[in-house]
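[1] The following comprises the amino acid sequence and a computationally predicted model.
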Amino acid sequence: MKKTVFLGALTVAGLVGGAAAAATLDDVKARGTLNCGVTTGLVGFAAPDANGVWEGFDVAVCRAVAAAVLGDPTSVEFVPTTGKTRFTALASGEVDMLARNTTWTFSRDTDLKFDFVGVNYYDGQGFMVPKALGVSSAKELDGATVCIQTGTTTELNLADFFRKNNISYEPVPIETNAEGQQQYLAGACDAYTTDRSGLAATRAAFENPGDHVILPETVSKEPLGPLVRHGDHEWEDVVRWTLNALITAEELGVTSANVAELASGPTNSPETNRLLGTEGNLGEMIGLDSDWAVRALSAVGNYGEVFEKNIGEKTPIGLARGLNAQWTDGGILYSPPFR
């Protein structure tokens, strides 16, 4: 298994070497479409609605980048990827960026030759079990069968947790969240493990969500965020600062409802002016015009709006902001300054 993972890493690294030199920003502009890698379907984060239109927390990042670069948040081709296929899709140039609940790790950043542009959700791995199982702690899962997506940090964290607590488990490998949900509900595994946000999203789609419990343990750090290929720094800047624009806009009180008014002339907030392009030349520095952030915010809203619409406490998923609250509100979320 270790040998297979190592060879897979070398394959991806080799693909990156061939694709990194491409000027992705120019390619996206010439194509007129952003190719964005997303999950195969996780309600609240990235999933097509009844009309086939992709929606969700991660989808909003793709649409914000498309709006900033192309002026149209609908100019996105969403490419579903699994835990195994996502990195090859990015390295080969099939997609321009990934926005699909991917954890920022040392090896992915260095060995696989990717650049994470930031964190859009601070998460951690957890476990979900049927309430009827009568389990109140993950430490009570000795001998359990556990559904686990292959090719993920979740797979490695699971092994670490059970080894650390000197208990055993039997993995039930799955490829996609949809398969995991099906296997779990069919009783093929006693527990399902993934990021806690993913568990909440999965449970919300069940016919009887109250029959299932997310156990209290958080067994890992999972900083999730968009990523691009190594070496294309101009494109990396565009994606990074589009995400940062959503985060900073919430802190500054810029919303989808007031962004046009605030952008119509200088305000008494210098950073707001720089963000919205009424002062300075930040857009020019990343190869865009002065209204790039205005377009992104008009399309999807600020970070808080994106969170509350897709995964917040008033949605079926029901996630509290927690660590993902602004730093001014007790969380750890903030962007570097726009200056």
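    It's in.
[2] And the strands in the stretch 1-150 of the chain, which stretches?
    34-39, 47-48, 54-55, 76-81, 97-98, 114-116, 121-123, 125-130, 144-149 (DSSP state E, counting those that start in this stretch).
[3] ok, the closest residue to residue 294 other than its chain neighbours to residue 295 distance?
    Take residue 294 and drop its neighbours on the chain: the residue closest to it by C-beta to C-beta, 6 or more residues apart in numbering is residue 263, 4.7 Å away. All C-beta atoms are positioned from the backbone trio N, CA, C, and that covers glycine. Residue 263 sits 10 Å away from residue 295, going by C-beta to C-beta, to the nearest Å.
[4] what packs against the biggest helix by length in the chain?
    In the chain, assigned by DSSP state H, the helix with the most residues is helix 233-252. Helix 233-252 sits against helix 24-31, helix 57-70, strand 227-229, helix 270-276, helix 292-300, helix 303-310, with contacts defined as 3 or more C-beta pairs under 8 Å, 6 or more residues apart in numbering; DSSP states H and E.
[5] could the strands of the stretch 1-150 of the chain be laid out in JSON lines, adding distance to residue 185?
    As requested, the strands of the stretch 1-150 of the chain are exported to JSON lines (distance: least, C-beta to C-beta, whole Å):
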{"stretch": "strand 34-39", "distance to residue 185": "19"}
{"stretch": "strand 47-48", "distance to residue 185": "18"}
{"stretch": "strand 54-55", "distance to residue 185": "23"}
{"stretch": "strand 76-81", "distance to residue 185": "21"}
{"stretch": "strand 97-98", "distance to residue 185": "28"}
{"stretch": "strand 114-116", "distance to residue 185": "33"}
{"stretch": "strand 121-123", "distance to residue 185": "23"}
{"stretch": "strand 125-130", "distance to residue 185": "9"}
{"stretch": "strand 144-149", "distance to residue 185": "10"}
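[6] pLDDT of the longest helix of the chain, averaged?
    For helix 233-252, the mean pLDDT works out to 98.
[7] same check, this time on stretch 141-150
    95.
[8] Output it as CSV - backbone C-alpha positions only.
    This file holds the C-alpha atoms of stretch 141-150, laid out as CSV (Å, rounded to 0.1, in the frame of the first residue of the first chain):
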residue,chain,number,x,y,z
LEU,A,141,-15.8,1.3,18.5
ASP,A,142,-13.3,-1.5,19.2
GLY,A,143,-13.8,-4.2,16.5
ALA,A,144,-16.2,-2.0,14.5
THR,A,145,-16.5,-1.9,10.7
VAL,A,146,-15.9,1.6,9.4
CYS,A,147,-16.8,3.1,6.0
ILE,A,148,-13.9,5.1,4.8
GLN,A,149,-13.2,7.0,1.5
THR,A,150,-9.9,5.8,-0.1
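[9] Can you give the distance from that stretch to the centre of its chain?
    24 Å (C-alpha atoms, centre = their mean, to the nearest Å).
[10] go on, stretch 170-185?
    Distance, centroid of stretch 170-185 to centroid of chain: 20 Å (C-alpha atoms, centre = their mean).
[11] List the buried residues of that stretch.
    With burial defined by 16 or more other C-beta atoms under 10 Å, the residues of stretch 170-185 counted as buried are 171, 172, 174, 176, 177, 178, 179, 180, 181, 183, 184, 185.
[12] Also stretch 87-103?
    87, 89-91, 93, 95-103.
[13] Contact partners for the nearest residue to residue 277 once chain neighbours are set aside?
    Residue nearest to residue 277 in three dimensions, not counting chain neighbours: residue 290, with 3.2 Å by C-beta to C-beta, 6+ apart. Residues in contact with residue 290 (C-beta atoms under 8 Å, 6 or more residues apart in numbering) are 277, 278, 281, 282, 283, 284.
[14] My reading is that the fifth one lies in a strand. Confirm?
    No: the assignment for residue 283 (DSSP: H, G, I helix; E, B strand; the rest coil) gives helix, which keeps it out of a strand.
[15] Hmm, it is touching residue 295, no?
    No: checked against C-beta atoms under 8 Å, the pair residue 283 and residue 295 is beyond contact range at 10.3 Å.
[16] higher neighbour count, these two?
    The neighbour count for residue 283 versus residue 295, taken as other C-beta atoms under 10 Å, is higher for residue 295 (24 against 18).
[17] From residue 264, how far out is that one?
    15 Å.
[18] again, but for residue 200
    Using C-beta to C-beta, which is the criterion applied here, residue 200 is 39 Å from residue 264.
[19] These two: which is more packed in?
    With neighbours defined as other C-beta under 10 Å, residue 200 and residue 264 compare such that residue 200 has more, 21 against 11.
[20] Pull the distance from the helix or strand where the more buried one lies to the chain's centre.
    Under the criterion DSSP states H and E, the helix or strand holding residue 200 is helix 196-204. In terms of C-alpha atoms, centre = their mean, the centre of helix 196-204 is set 14 Å apart from its chain centre.
[21] what does the average pLDDT come to for that helix?
    The model assigns helix 196-204 a mean pLDDT of 95.
[22] now swap in stretch 58-72 and tell me
    98.
[23] Alpha carbons only: can I get that stretch in CSV?
    The C-alpha trace of stretch 58-72 is given here as CSV (Å, rounded to 0.1, in the frame of the first residue of the first chain):
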residue,chain,number,x,y,z
ASP,A,58,-17.3,25.2,-2.4
VAL,A,59,-19.2,25.9,-5.6
ALA,A,60,-19.4,29.5,-4.5
VAL,A,61,-15.6,29.8,-4.5
CYS,A,62,-15.5,28.6,-8.1
ARG,A,63,-18.3,31.0,-9.1
ALA,A,64,-16.5,33.9,-7.4
VAL,A,65,-13.3,33.2,-9.3
ALA,A,66,-15.2,33.0,-12.6
ALA,A,67,-17.0,36.3,-11.8
ALA,A,68,-13.7,38.0,-11.0
VAL,A,69,-11.8,36.7,-14.1
LEU,A,70,-14.6,36.3,-16.7
GLY,A,71,-17.3,38.6,-15.4
ASP,A,72,-19.8,35.8,-15.3
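[24] Alright, I will stop here.
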